[in-house]
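Colleague: Show me how the following folds:
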Amino acid sequence: MVDTLDLKFSPFRVSVQVRCWAGKKKIIYNKMDFWIDGKYFQGEIINKNIIQKCFEARIDIPFFCYHEALNIAGSCRMCLVEIANSPKLVASCAMPLMNDMKIFTLTERVKKARESVLEFLLVNHPLDCPICDQGGDVIYKI
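Modeller: Reported below is the predicted structural model:
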């Protein structure tokens, strides 16, 4: 039996909490709906970024500067994704996931932006691989 229904609205989250009493247990449901590349997902409302939820859903998004243990920089711009009804591409490492969000990771606009970012990084990269500290052992070789 449902005792209470709380709706909480904020600019970043829509939280619907339904409190049910099953015996002496109190059950709280915090669910959100979102779509990634047309696939429907439902998850708990937790402070996670788009890139984290994509990793959980096994959807690959390229990145250079993101790491879970570090602060979000969002400076490499490799993790750009398109969001429905958004005029600009957003960095998935810096954008929190919201309810009813539609995310697109493989559109032509996203691919073109990622190519441009990678081209910019490679044009400005020094060509002294033999004397570099990495000694040619770079993960992202082309």
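
Colleague: neighbouring contacts of stretch 47-56?
Modeller: Outside of stretch 47-56, the residues within contact range by CB atoms under 8 Å, 6 or more residues apart in numbering are 34, 36, 41, 43, 60-61, 63, 66, 68, 72, 79, 81, 90, 92-97, 101, 103, 105. Bear in mind the C-beta positions are built from the backbone N, C-alpha and C, glycine included.

Colleague: let's go with 7 Å and repeat that
Modeller: With CB atoms under 7 Å, 6 or more residues apart in numbering as the contact definition, stretch 47-56 has outside contacts at 36, 43, 61, 63, 66, 79, 81, 92-97, 103, 105.

Colleague: what do you get for stretch 76-92?
Modeller: Where contact means CB under 7 Å, 6+ apart, the residues beyond stretch 76-92 that reach it are 49-51, 54, 61-66, 74, 93, 101-105, 107, 109-110, 113-114, 117.

Colleague: If any of the residues you listed are buried, put those into a PyMOL selection.
Modeller: For selection in PyMOL, the members of the contacts of stretch 76-92 meeting the burial criterion (16 or more other CB atoms under 10 Å) are listed in this command:
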select buried, resi 49+50+51+54+61+63+66+74+93+101+103+104+105+110+113+114+117
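
Colleague: In strands only, show me the contacts of stretch 76-92.
Modeller: In strands, judged by DSSP state E, the following of the contacts of stretch 76-92 are found: 101, 102, 103, 104.
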